[in-house]
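Novice: Next comes the sequence, and after it the predicted model I'd like to discuss.
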Amino acid sequence: MAKKKTKPAVGLASSIILMSWGAYRLSTGSFSSNLWIVPMVLMVTGFIGGIANLLYFFRRKKTE
């Protein structure tokens, strides 16, 4: 079983990767088609996941 500190750290890293990939695709794509929706969804979900994992990580740290 993974340690309790490792899971939020891995989740935070993956959220940052999602958010940065979405930002990269959004900045390099053209807005002429509807393909900008997918990078926007990646950015938003990465941001929400990052905030949630940060809160979980720091709350877990305080209770130990």
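Specialist: Sure thing, it's come through.
Novice: tell me the mean pLDDT over stretch 36-43?
Specialist: Stretch 36-43 carries an average pLDDT of 88.
Novice: Helix or strand: which one has the nearest residue to residue 56 once chain neighbours are set aside?
Specialist: Excluding its sequence neighbours, the residue lying closest to residue 56 (CB to CB, 6 or more residues apart in numbering) is residue 8, at 4.9 Å. To be clear about C-beta, it is placed using only N, CA and C from the backbone, and glycine gets the same treatment. Here residue 8 is covered by helix 6-28, with elements defined by DSSP states H and E.
Novice: Look through the chain and tell me its longest helix.
Specialist: helix 37-63 (DSSP state H).
Novice: other SSEs contacting that one?
Specialist: helix 6-28 (3 or more CB pairs under 8 Å, 6 or more residues apart in numbering; DSSP states H and E).
Novice: packing partners for the helix it packs on?
Specialist: Contacts defined by 3+ CB pairs under 8 Å, 6+ apart place helix 6-28 against helix 37-63.
Novice: May I see the buried residues of the helix it packs on?
Specialist: Neighbour counts using 16 or more other CB atoms under 10 Å place 39, 42-43, 46-47, 49-50, 53, 57 of helix 37-63 among the buried residues.
Novice: Stretch 14-21 too?
Specialist: For stretch 14-21, burial by neighbour count (16+ other CB under 10 Å) applies to 15, 18-19.
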